[in-house]
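Peer 1: From the sequence below, what's the structure:
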Amino acid sequence: MDIPKIQWYPGHIAKAEKKLSEVINKVDLVIEVRDARIPLSTGHPHLNKWINNKKHILVINRSDMVSPHTINSWNKWFNAKDQYPLWCDAKRGIGIKEICKSAKDSRSSIDDRRLSRGMRIRPIRALTLGFPNVGKSALINRIAKKRVVDSARKAGVTRNLRWIKLESGIDLLDAPGVIPPNLEDQKSALNLALCDDIGEAAYEIESVAIEFIKIISTLNKDKNANISAKQISNRYGVDITKGFKSPSAWINEAASKHTSGDTRRMSHKLLEDYRNQMLGKIALEVPLWN
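Peer 2: Sure thing, here's the model as predicted:
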């Protein structure tokens, strides 16, 4: 059975994206934030249009949720495309110094360009851009060195555009998560659902749990995915490799042990365990070389 189509485009995002299009030309620097578990799925298809020759810093957050080996492999993949991501764990403040340094370096080159054109130096306007729930607000609080915006591990916390003045001579625009109005790539949409980067109302949880088992079955032998079938099997007392042949049968068996046979509750438990790293540091996307 095919997974029901995943679509999620709440009104506050549509409203914010309209406002964003009105201010984007005033921005000098775009700080794009992605999710380390799915760095391709959290790349917005309209990003290049928004950047439009502006300075761009690619930040991949939640580095704590994938293995160092996975990060090294992704760096090689991105570097081959002349992209140099900065990895961070905004929740714990790891990697923030490098991001601040990169922003400061960008500010210097922007200042030099303004001076060369006979323009006055002013605070640099930077935009934090990314999908919902990738950690933009946590990153802003770390850069600001204080809590200036609300932050939580759920989609839709930031609902309005807001300018924040930083001591470093940078004005930072905090924007709600942006997402394509139509999720054409359903594989990416599934990844967003699995990582809790879109609202739960957008998908049917049992279908998504079944797809999760299919994904880890496919990636099981890839070192970059960092999957331990033994760890998953031990957690539930049911051999996960059985689920590779019949995901729904595995969920039924696990449900009989943990949720009194309630497969919906078991599906929710499986996804929450993944999101909380109870199953290990599993990457749902791995570098594919042409």
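Peer 1: rest of the way, CA atoms for contacts and neighbours
Peer 2: Noted.
Peer 1: which parts of stretch 124-136 are buried?
Peer 2: Of the residues in stretch 124-136, 124-136 count as buried by neighbour count, 16 or more other C-alpha atoms under 10 Å.
Peer 1: of these, closest to residue 254?
Peer 2: residue 133 (28.9 Å; C-alpha to C-alpha).
Peer 1: So that closest one, which state does it fall into?
Peer 2: Secondary structure, DSSP: H, G, I helix; E, B strand; the rest coil: residue 133 is coil.
Peer 1: roughly how far apart are it and residue 82?
Peer 2: 27 Å (C-alpha to C-alpha, to the nearest Å).
Peer 1: now do residue 29
Peer 2: Residue 29 is 18 Å from residue 82, by C-alpha to C-alpha.
Peer 1: same question, residue 66
Peer 2: 22 Å.
Peer 1: Also residue 19?
Peer 2: 31 Å.
Peer 1: quick one: which of the two has more around it?
Peer 2: Neighbours of residue 19 and residue 82, each counted by other C-alpha atoms under 10 Å, are more numerous for residue 19; the result is 14 against 9.
Peer 1: Got phi/psi on the residue sitting furthest away from the middle of the chain?
Peer 2: Distance from the centre of the chain peaks at residue 118, with 39.5 Å (C-alpha atoms, centre = their mean). Torsion angles at residue 118 (phi, psi; degrees, to the nearest 10) stand at phi 80, psi 20.
Peer 1: for residue 66, same thing?
Peer 2: Taking degrees, to the nearest 10 as the convention, residue 66 sits at phi -130, psi 170.
Peer 1: helix, strand or coil for residue 56?
Peer 2: strand.
Peer 1: Name the nearest residue to it, sequence neighbours excluded.
Peer 2: Taking C-alpha to C-alpha, 6 or more residues apart in numbering, and ignoring the residues beside it in sequence, residue 56 has residue 30 as its nearest neighbour in space, at 4.9 Å.
Peer 1: Distance-wise, check the closest residue to residue 169 other than its chain neighbours relative to residue 175.
Peer 2: Once flanking residues are discounted, residue 169 sits nearest to residue 123: 4.8 Å by C-alpha to C-alpha, 6+ apart. According to C-alpha to C-alpha, residue 123 and residue 175 sit 18 Å apart.
Peer 1: So which of the two has more stuff around it?
Peer 2: Neighbour count, other C-alpha under 10 Å: between residue 123 and residue 175, residue 175 has more, with 24 against 16.
Peer 1: I'd guessed that one sits against residue 126; true?
Peer 2: No. Between residue 175 and residue 126 no contact is recorded; they are 10.8 Å apart, counting by C-alpha atoms under 8 Å.
Peer 1: Might you report the residue contacts of the nearest residue in space to residue 98 that is not next to it in sequence?
Peer 2: In this structure, residue 98 finds its nearest non-sequential neighbour in residue 86, 7.2 Å apart by C-alpha to C-alpha, 6+ apart. Residues near residue 86 by C-alpha atoms under 8 Å, 6 or more residues apart in numbering: 57, 58, 59, 60, 95, 98, 99.
Peer 1: Do you know the pLDDT at the residue farthest from the centre of the chain?
Peer 2: On pLDDT, residue 118 comes in at 89.
Peer 1: cool, residue 108 as well?
Peer 2: 84.
Peer 1: Could you confirm it falls within a helix?
Peer 2: Yes. The assignment for residue 108, made by three-state DSSP, places it in a helix.
Peer 1: burial of it, as a residue count?
Peer 2: 13.
Peer 1: now swap in residue 4 and tell me
Peer 2: 12.
Peer 1: likewise residue 49?
Peer 2: Residue 49, neighbours per other C-alpha under 10 Å, totals 8.
Peer 1: which regions of the stretch 151-290 of the chain sit below the pLDDT cut-off?
Peer 2: In the prediction, the stretch 151-290 of the chain carries residues with pLDDT under 70 at positions 151-160, 180-182, 290.
Peer 1: Relative to residue 86, how far out is residue 78?
Peer 2: Distance from residue 78 to residue 86, by C-alpha to C-alpha: 11 Å.
Peer 1: no wait, residue 102
Peer 2: Residue 102 is 9 Å from residue 86, by C-alpha to C-alpha.
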